[in-house]
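*Asks:* here are the coordinates; sequence isn't available:
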């Protein structure tokens, strides 16, 4: 049974519940993105290894930072964030990233796909949070804008 929050929410119960679920889902996706990017970072090979390797570190930092922002927003509205490994594994909506060595092109394609999926999921959450919490919506908009830019930069590397 969930413990009553020691943090009072600025939102009514229904808006807190809906917004908390949106934040939790986003947290899981961002933690998974950071883990996928790190997995790719360790296993990328190919002619553009160094550039992709370094760009993956940038994505890891971005995803970690946004995950922290999202978790802290959840806490601020009285919702306990859950970023445990088992919760992430069960709840992330990102595409599965297979283990083992991956070519730089394959990594770029996978990261582009993961970012596209996450941005799509964020856009739905932007719409849903419009009804419950505009502060959270602003956070989602900022994250989506940054990840859309990142997706463009990843995608541009494989388009001719």
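*Replies:* Yes, it's here. As the structure is a computational prediction, the values presented were derived from the model and not from experiment. Numbers count the residues shown, from 1 in each chain.
*Asks:* Find the nearest non-adjacent residue to residue 139, please.
*Replies:* residue 73 (5.6 Å; CB to CB, 6 or more residues apart in numbering). Every C-beta, even on glycine, is put in place using the N, C-alpha and C of the backbone.
*Asks:* Output the below-cut-off pLDDT ranges for this protein.
*Replies:* Per-residue confidence for the chain (pLDDT under 70) gives these ranges: 1-3, 160.
*Asks:* quick one: contacts for residue 150?
*Replies:* Residue 150 makes contact with 59, 62, 115 under the criterion CB atoms under 8 Å, 6 or more residues apart in numbering.
*Asks:* any idea which helix or strand carries it?
*Replies:* Following DSSP states H and E, the helix or strand that holds residue 150 is helix 134-156.
*Asks:* ok, residue 4 - how many residues close by?
*Replies:* 6 (other CB atoms under 10 Å).
*Asks:* now it: how far from residue 141?
*Replies:* From residue 4 across to residue 141, the span is 31 Å (CB to CB, to the nearest Å).
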